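Asks: I would like to see how this sequence folds:
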Amino acid sequence: METASTDRWWFKPSLLSLTSGGLLWLAFPPLGLAPLAWFALIPLLVLVLSPTMPASRWRWYLAIWLAWTIHWLLLVEGVRHAHWTIYFGWLVLSCYLAVYMVLFVGLTRVALHRCRWPLVLAAPLVWTGLELARGYALSGFSLGLLAHTQVKISGLIQLADVTGAYGISFLIVLVNSALAQAHCAPGRSSHSRQQILRGWATAILTVALMWGYGALASRDSSSHDDGDSCQIALLQAAIDTTYAGDDNQSRRMHEDYRRLSIEARQQYPELDLIVWPESMFPFGPEVIHQGDPVVPAELAIDKAEFVERVAAYQLYFQAAVDDLAGTINGPGRDQPGVQFLLGTDVQKVDTPRTTRYNAGLLIDADGQVRQRYFKQHLVMFGEYIPLGGIFPWLYSLTPMPYAVSRGQGPSLFTVKGVRLCPSICFESIVPHFTRNQLKQLGQQGTPPHAIINISNDGWFRGSGILDLHLACSVFRAVELRIPMLVAANTGLSAVIDRNGTIQQLATRRHEEILVTSVQATVDNSFYRKWGDLFAFPCLLACLFLAIMGSRRREIGLDQKRQAE
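Replies: Predicted coordinates for the structure are as follows:
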């Protein structure tokens, strides 16, 4: 490549950003051209390397932001399918995510040109720190991390058990930076050949070390000592879901998953657990209370009538559960029978304030609820509206009838001595959330043997969101060295081992039954014990650079005023 110069016709922030964004979009699932990720950021880094900027720098950064907004619109376009009002959310989300690319260019330029940090250090630090920030800001959105481009290359992602997915992103940016420095640095001298060789040597050595660690860290999940085990069936039907209440859709949900449950029981008589995806048991809410029910403040009825309604809801729900358990297990059985993990709603009526949860229920073979898990990490605009608690009328502007309440902690479902940690939908996309759940359970002396994620991805109409969601589950398995089982309506349901290898994968928008055996064995990892010890210093570096950039700008303004 030629030396970067603002005089070149191609040196335009919009063109270079669109090129980087386009290459990176190709590297992500579903196309998954993973090798492109190791080169995709070079055009963007040309902007970082440029020693000068135009006087109207705000236009420069505006062009970067607009170009990367297009990238994110393409990458997360699947979120728009649920309802026409979500198009606004799709646009807002993409605009928000593109801000991080503007921050990346700006902060890396501060590190390179003001603090004199080398590009191969500055760019990876800033990128990783911003990815971590994205995992915490606005409740956390870690879908589409740079590391996810490598999800199908198991040998390259094993380092995540030390650094989390962020470490993989760090090394991908490091390789991009080494190659950009070698080929695109301004003012290259006669030593450019050595510069190119150093860049390529750094890139090749980085990938080789990642492969080497992957070979050492990978372990055969079938080699663990025999112990308690349970056989689990993950059900996947193909039901596109909508916000609008539809009795036909609810009836089809029940019929399809009931039929799949019968087929699973017939084909695999030794089953211990049948898993339905999130929200696919349409007979909720299960209404629960301790002591006497309390009439919600918004209902203008007397207590006797409310108690009667609660009893009717409970009978309705229990009748549906009894029908499922009785059909699958049958009367007069000699065996313990099959248990169920069902996704449904639960409503507590203990206080005047209505609390309704997105829940996973463990149902025993006799149809009794043994354990409940209430979803903790809620999806903004999907399960709650910001400020909706203060201004309830905001819900009248959306297809959401109410806000979902937040659960208070992890749960543990035990089936035949095997401890399972339930997870619901996008809870699996935030690395520190899943890690904290396992840490809490481990501190209680009951570390899980596997994670089961139940998800209703029928909102996304088979789009690339399914692939990005699955990529997150793969990384959670590697980071925490624990099997991940995914039961997702419309897909992608999967069985993932401790190494992030997808052992079974259902076809998107297709009915399937995945059956696997989970053993009662516990692994550990550096990441499970220490969390984001690698990524947090990168975030601190970003904060330092933001302060330095602001301080230098203030000094420049003061000097300009004095000169005037």
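Asks: residue boundaries of the strands in this protein?
Replies: With DSSP state E applied, the chain shows strands at 229-236, 273-275, 286-288, 339-348, 355-363, 369-374, 413-415, 418-424, 450-456, 484-489, 494-496, 502-505, 512-519, listed in chain order.
Asks: What mean pLDDT does the longest one get?
Replies: Along strand 339-348, the predicted confidence averages to a pLDDT of 94.
Asks: Over to the first one?
Replies: The average pLDDT for strand 229-236 rounds to 95.
Asks: Provide the contact partners of it at residue level.
Replies: With contacts defined as CB atoms under 8 Å, 6 or more residues apart in numbering, strand 229-236 is touched by 257, 260-261, 264, 268, 270-277, 415-418, 452, 485-491, 493, 495, 506, 510-520. Backbone N, C-alpha and C define where each C-beta goes, glycine included.
Asks: Mark which of those residues are buried, thanks.
Replies: 257, 260-261, 264, 268, 271-277, 415, 418, 452, 485-491, 493, 495, 506, 511-516, 518-520 (16 or more other CB atoms under 10 Å).
Asks: From residue 444, how far out is residue 165?
Replies: Residue 165 sits at a distance of 26 Å from residue 444 (criterion: CB to CB, to the nearest Å).
Asks: Endpoints of stretch 460-470, how far apart?
Replies: Counting by CA to CA, to the nearest Å, you get 13 Å between the two ends of stretch 460-470.
Asks: hang on, the earlier thing: looking at residue 165 and residue 444, which is more packed in?
Replies: residue 165 (30 against 10; other CB atoms under 10 Å).
Asks: ok, the more buried one touching residue 475?
Replies: Yes. Between residue 165 and residue 475 a contact is recorded at 4.6 Å, counting by CB atoms under 8 Å.
Asks: which residues are in contact with both of those two?
Replies: Common neighbours of residue 165 and residue 475 (criterion: CB under 8 Å, 6+ apart): 145, 147, 148, 157, 431.
Asks: Residue ranges in this structure under the pLDDT threshold?
Replies: 1-11, 54-56, 187-191, 219-226, 243-247, 332-335, 381-402, 552-564 (pLDDT under 70).
Asks: any idea which residue sits dead centre in it?
Replies: Closest residue to the average C-alpha location of the chain: residue 429 at 1.5 Å, with CA atoms, centre = their mean.
Asks: what's near enough to touch it?
Replies: 140, 141, 142, 143, 469, 472.
Asks: can you give me phi and psi for the nearest residue to residue 520 once chain neighbours are set aside?
Replies: Computed as CB to CB, 6 or more residues apart in numbering, the closest residue to residue 520 that is not its neighbour in sequence is residue 228, at 3.9 Å. Main-chain torsions, residue 228, degrees, to the nearest 10: phi -60, psi 150.
Asks: what about residue 228, how many residues close to it?
Replies: Neighbour count of residue 228, defined by other CB under 10 Å: 15.
Asks: Look up how far residue 348 lies from residue 291.
Replies: The gap separating residue 291 from residue 348 is 11 Å, by CB to CB.
Asks: neighbour count winner among these two?
Replies: residue 348 (20 against 6).
Asks: which residues sit in contact with that one?
Replies: Residues counted as contacts of residue 348 (CB under 8 Å, 6+ apart) are 288, 289, 355, 356, 357.
Asks: hang on, the fourth one packs against residue 405?
Replies: Yes. Between residue 356 and residue 405 there is a contact under CB under 8 Å: 5.9 Å.
Asks: Please parse this protein into its domains.
Replies: 13-218+534-563, 222-530 (automatic domain parsing).
Asks: ok now the last one, how far from the chain's centre?
Replies: Centroid separation between domain 222-530 and its chain, computed with CA atoms, centre = their mean, to the nearest Å, is 16 Å.
Asks: what does stretch 203-215 give?
Replies: Distance, centroid of stretch 203-215 to centroid of chain: 26 Å (CA atoms, centre = their mean).
Asks: Show me the contact partners of it.
Replies: 38, 154-159, 168, 171, 174-175, 178-179.
Asks: list the contacts for the closest residue to residue 452 other than its chain neighbours?
Replies: Excluding the flanking residues, the one nearest residue 452 by CB to CB, 6+ apart is residue 485, at 4.7 Å. Counting by CB under 8 Å, 6+ apart, residue 485 makes contact with 232, 234, 275, 450, 451, 452, 453, 494, 495, 496, 516, 518.
Asks: What distance do you get for the third one to residue 341?
Replies: Going from residue 275 to residue 341 by CB to CB gives 4 Å.
Asks: Give me the common contacts of the two.
Replies: Common neighbours of residue 275 and residue 341 (CB under 8 Å, 6+ apart) are 452, 454, 487.
Asks: Using a markdown table, lay out the residues you listed together with distance to residue 29.
Replies: Shown next, in a markdown table, are the shared contacts of residue 275 and residue 341 (distance: CB to CB, whole Å):
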| residue | distance to residue 29 |
| --- | --- |
| 452 | 22 |
| 454 | 21 |
| 487 | 19 |
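Asks: Closest one of those residues to residue 99?
Replies: Nearest to residue 99 among the shared contacts of residue 275 and residue 341, counting by CB to CB, is residue 454 at 32.2 Å.
Asks: Just the buried subset of the contacts of residue 429, please.
Replies: Buried among the contacts of residue 429 by 16+ other CB under 10 Å: 140, 141, 142, 143, 469, 472.
Asks: And those residues, which two are furthest apart?
Replies: Every pair of the buried ones among the contacts of residue 429 checked by CB to CB; the farthest is 140 and 469, at 14.3 Å.
Asks: Now do the helices in this protein.
Replies: 13-27, 42-49, 57-75, 86-109, 119-136, 160-163, 165-184, 192-217, 247-267, 303-329, 431-443, 465-480, 526-530, 535-563 (DSSP state H).
Asks: Could you dump those helices into TSV with distance to residue 379 added?
Replies: Putting the helices of the chain into TSV (distance: least, CB to CB, whole Å) gives the following:
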stretch	distance to residue 379
helix 13-27	23
helix 42-49	30
helix 57-75	17
helix 86-109	10
helix 119-136	15
helix 160-163	24
helix 165-184	20
helix 192-217	33
helix 247-267	20
helix 303-329	25
helix 431-443	12
helix 465-480	12
helix 526-530	24
helix 535-563	23
